[in-house]
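Colleague: Provided below for reference: sequence and predicted model.
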Amino acid sequence: MLSDEELITEIRSGSQAAMEMLVKRHYAMIFSYIYRKIGNHHTAYDLTQEVFIKMMQSLPSYQSHGKFEHWLLKIAVNHCLDYYRSKQYRNSHVQDELDETIPDAHSNVWDLFQLHDQQEQAKQAVLALPEHQRDAIILNYYHGLKIREIADVTGANESTIKSRIRAGISRLKKMLLGEEELRDGQEQRKQG
Amino acid sequence: MGKSRENKGKSVWVDDMDDVKDLEYFDSELESILQQYCVELPEEQRINTTIDVLRQYVPDISENPREVSMMSYWRRWINLWKIAAADIGMFSKLYWISCLILFGAGVWMGVTVQQMPAIVVILFSPLPFVIGLIEVFKGREQGVLEMELACKVSAQELMLSRLLFIVMNSLILNTCLSGLMFLVRGDISFWGLTWTWFTPFIIVASSSLWLAMRIRCTVSSMVTISIWMAVGMILLTRPDMLTRMMDLHILITILVNAVAVYLLFRQGWKLLRNHTFIAEGSLSYGANDSEYF
Amino acid sequence: MELTIQNISKQFKELVAVNQFTAELSCGVYGLLGPNGAGKTTLLRMLADILRPTSGIIRLNGQDIRTMEERYRDVLGYLPQQFGYYRQFTGRQFLMYIAALKGLEKRAAATKVEEVLQLVGLGYEADSKIKSYSGGMRQRLGIAQALLNDPKVLILDEPTAGLDPTERIRFRNILSEMSANRIILLSTHIVSDIEYVAKDVLLMKQGYLLKQDRLVSLLKELKESVWKVTVDENQLPVLKQRYKIVNILRRDSGVEVRILSPDKPLLTAQPVTAGLEDLYLHYFNEEIIR
């Protein structure tokens, strides 16, 4: 089994097969990140393709500091950021104020309880998270990245990441389990 | 920031940044919902489409066969001379004999023919090189190339080293010829003579090399020699034309020389870099490939 | 030692000489069988890094041989199908020359050259000029040069062409001796080259790999499909029309015909164990050379 770095060396030497191998190896990771981030299958496909194009364009200058996967994820994270800021997105979506301190999301809670499908619940809940919390949650929970790694990939510092995750989990619990938001390290279950 | 412990027993939020599982307070109930959120990947067909789009970004190796650094260029330059030194013994006797004969004839004519010493030098200067080309492409000629190609010292390095040697040898022979003529006769300047033969030498050398790389060498050498002889004959019988040529403005001469030198280097460079060119070209001409031709 | 051939293709203008060839080779002798024009020489040239594939990768122990460059040729021995020689050389001089090309230092080269000369049986003629050699001797010299650098990957394109039967036996013995920790791939028409020494046989047809399998397994497929029957001369034409004839032997008792047929061709026919030439006929519809 060739390492990512070895495949990259091959690609630099012109190997199409190595490129195929590298892309296939990491396609699922990138696609699933983007899909959970964006929520739309078709858009996720296009964005995934663009991320890999960016990868190919950056390969000549790639230096293996740390894991290749994280470097690639970084490209994906930034690309999604660009996408949200792009004209395209602004035009086709109502711009939410993705403010991290929104205290209330009660209306969401009721909608979610309507959905029987837990998968759909989870999806909507994740999508309802503010952008940075969503990133942190997806990377931490679905991709198993450690705090340090998430900090590296998203470019924020570790304590910020921790608080984003904490806030994100709290919000998720509220949306999905009907719990009160986390206060001072204590949790309560809200009945009903 | 304090520590928080869940009674459910699973998750512990550890403050320690270096710890492996930092934030494990996705309690089991939350997790059971979250983990249902599976992603359906696009069909393989669509993934392959993406891969096809990416193909254009894979560097094209045939245009830039090797990415070599300056240091290794130098190393290879030295290596070439080492190879040449080892390889000299491989040059056929015919080459050395031809060189000797040519040199002798050159000296004889240069010393005995009264007028136009320059003509002698001009005529003879490219000949050792052209004959030498046969040696350079010898492997290709005699079907040894394929075996040589599979060796550590690549065939193009071998050819280039032979080429270098041929050039050196020719330059030395011509210089000696000029030197001898200068010493024996009193009526010419050494540098003037040298300058005179340099131009035709360079022109013929680069054009011969160009020709030889494209068609089988023996033929191109013969062609070049014949043409050169013909030109020489014409010039000898019409000294006024030669005088006119030699009176050409110095700048033009320099320009012509520069272009020819440049072409020569480019040919040599191409020889070195384009491995496949040699291999595929000569393999098609060379071995009797009953399978395809 | 593992040579991985991944989806190798070679295209010359419109002609696809090798088509998506995939195989994995480890230590031992492999036979590459196929009719003329199957693409064997092109494949072997690519394995010898002489020709660049149009697509696909060849890996030695996981590394792309194109990026290995000299390091690959260090462990490679190659005998082309047709080759020339420098006329004025003696056998020894030629081998010394190739040894130099292979990066062998002068003293080591001299020893090695002597060694391979003895191995191929050219000890006596080593100091005569190559132009005085017979075809078989020249072929043996070719084999010798391929062995000079003690290659771990040995690629031989029709190595026994021009060798007489004794020489071929000798060659086979050399091969099986060497095959312990080397990958040896040889292409051949000649059954006896590989019949007893090959690990796997690769069948190649029109550029692609028809099959790769152990000889034993391939032959099992032909179990109960090969027959021997003795007939009269006048029955031959009918037989030739109806069945695939592997070979014909004329004996005192009549004409002994070896037939390839899924069902018993004649009442008097006896089943025989399948051999490589039956296999060849079965897959390539051509007769093999013995």
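Modeller: Okay, I see it. The shown structure was predicted, so the numbers you read here are calculated from the model rather than taken from an experiment.

Colleague: residue 49: neighbouring residues, count only.
Modeller: You didn't say which chain, so I picked chain A. Using other Cβ atoms under 10 Å in any protein chain shown, residue A:49 has 22 other residues around it. No exception for glycine: its C-beta is placed from N, CA and C like everyone else's.

Colleague: switch to chain B, that's the one I care about
Modeller: That count, for residue B:49 with other Cβ under 10 Å as the rule, works out to 14.

Colleague: ok, now how distant is it from residue C:92?
Modeller: 60 Å (Cβ to Cβ, to the nearest Å).

Colleague: quick one: distance of stretch C:80-91 to the chain centre.
Modeller: 20 Å (Cα atoms, centre = their mean, to the nearest Å).

Colleague: cool, stretch C:224-238 as well?
Modeller: On Cα atoms, centre = their mean, the centre of stretch C:224-238 falls 31 Å from the chain's centre.

Colleague: show me what counts as buried in that stretch.
Modeller: Neighbour counts using 16 or more other Cβ atoms under 10 Å in any protein chain shown place C:225, C:226, C:227, C:228, C:229, C:230, C:231 of stretch C:224-238 among the buried residues.

Colleague: need the CA coordinates for it. PDB is fine.
Modeller: The C-alpha coordinates for stretch C:224-238 follow below in PDB (Å, rounded to 0.1, in the frame of the first residue of the first chain):
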ATOM      1  CA  GLU C 224     -10.500 -35.200 -21.200                       C
ATOM      2  CA  SER C 225     -10.100 -33.000 -24.300                       C
ATOM      3  CA  VAL C 226      -6.900 -34.300 -25.700                       C
ATOM      4  CA  TRP C 227      -6.900 -37.600 -27.600                       C
ATOM      5  CA  LYS C 228      -4.500 -39.800 -29.400                       C
ATOM      6  CA  VAL C 229      -5.600 -42.000 -32.200                       C
ATOM      7  CA  THR C 230      -3.900 -44.000 -34.900                       C
ATOM      8  CA  VAL C 231      -5.500 -43.900 -38.300                       C
ATOM      9  CA  ASP C 232      -4.700 -44.600 -42.000                       C
ATOM     10  CA  GLU C 233      -3.200 -42.000 -44.200                       C
ATOM     11  CA  ASN C 234      -6.500 -41.600 -46.100                       C
ATOM     12  CA  GLN C 235      -8.500 -40.800 -43.100                       C
ATOM     13  CA  LEU C 236      -6.300 -37.700 -42.400                       C
ATOM     14  CA  PRO C 237      -8.100 -35.200 -44.600                       C
ATOM     15  CA  VAL C 238     -11.400 -35.800 -42.900                       C
END
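
Colleague: what pLDDT, on average, does stretch C:74-84 get?
Modeller: If you average the pLDDT over stretch C:74-84, you get 89.

Colleague: correction: stretch A:79-88
Modeller: 82.

Colleague: how about stretch B:167-177?
Modeller: Stretch B:167-177 comes out at a mean pLDDT of 83.

Colleague: now that stretch: buried residues?
Modeller: Here stretch B:167-177 shows B:167, B:169, B:170, B:171, B:173, B:174, B:175, B:177 as buried, counting by 16+ other Cβ under 10 Å.

Colleague: from residue A:22, how far out is the second one?
Modeller: I take that to be residue B:169. From residue B:169 to residue A:22 the distance is 50 Å (Cβ to Cβ).

Colleague: re earlier: so which of the buried residues of stretch B:167-177 is the closest to chain A?
Modeller: Set against chain A, the nearest of the buried residues of stretch B:167-177 by Cβ to the nearest Cβ is residue B:167 (32.2 Å).

Colleague: give the next helix or strand downstream of the helix or strand containing that closest one.
Modeller: With elements taken from DSSP states H and E, the one containing residue B:167 is helix B:155-184. Downstream of helix B:155-184, the first helix or strand assigned by DSSP H and E is helix B:190-214.

Colleague: does anything pack onto that following helix? Which helices or strands?
Modeller: Helix B:190-214 is packed against helix B:117-124, helix B:127-136, helix B:155-184, helix B:217-237, helix B:250-273, with contacts defined by 3 or more Cβ pairs under 8 Å, 6 or more residues apart in numbering or on different chains; DSSP states H and E.

Colleague: now the last one and helix B:155-184, what's the angle there?
Modeller: If I follow you right, that is helix B:250-273. 150 degrees (axes from the mean of the first three to the mean of the last three Cα atoms, to 10 degrees).

Colleague: swap in the shortest one?
Modeller: Regarding helix B:117-124 and helix B:155-184, their directions subtend 160 degrees when assessed with the same axes, to 10 degrees.

Colleague: could I get helix B:117-124 in CSV with only the CA atoms?
Modeller: What follows is helix B:117-124, C-alpha atoms only, in CSV (Å, rounded to 0.1, in the frame of the first residue of the first chain):
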residue,chain,number,x,y,z
PRO,B,117,45.2,28.2,-47.3
ALA,B,118,41.9,29.1,-45.8
ILE,B,119,40.1,26.9,-48.3
VAL,B,120,42.0,23.8,-47.2
VAL,B,121,41.0,24.4,-43.6
ILE,B,122,37.4,25.2,-44.5
LEU,B,123,37.0,22.1,-46.5
PHE,B,124,38.5,19.7,-44.0
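
Colleague: hang on, the earlier thing: so which of the buried residues of stretch B:167-177 are also by chain C?
Modeller: The subset of these lying close to chain C, counting by Cβ under 8 Å from any Cβ of the partner chain, is empty.

Colleague: surely residue C:146 is in contact with residue C:79?
Modeller: Yes - at 4.5 Å, residue C:146 and residue C:79 qualify as touching, with contact defined as Cβ atoms under 8 Å.

Colleague: between those two, which contacts overlap?
Modeller: residue C:156 (Cβ atoms under 8 Å, 6 or more residues apart in numbering or on different chains).

Colleague: outline the domain layout of chain A.
Modeller: Structural domains annotated on chain A: A:4-92, A:106-177, as defined by automatic domain parsing.

Colleague: mean pLDDT lowest where, among the ones you listed?
Modeller: Least confidently modelled of the domains of chain A is domain A:106-177, at a mean of 82 by mean pLDDT.
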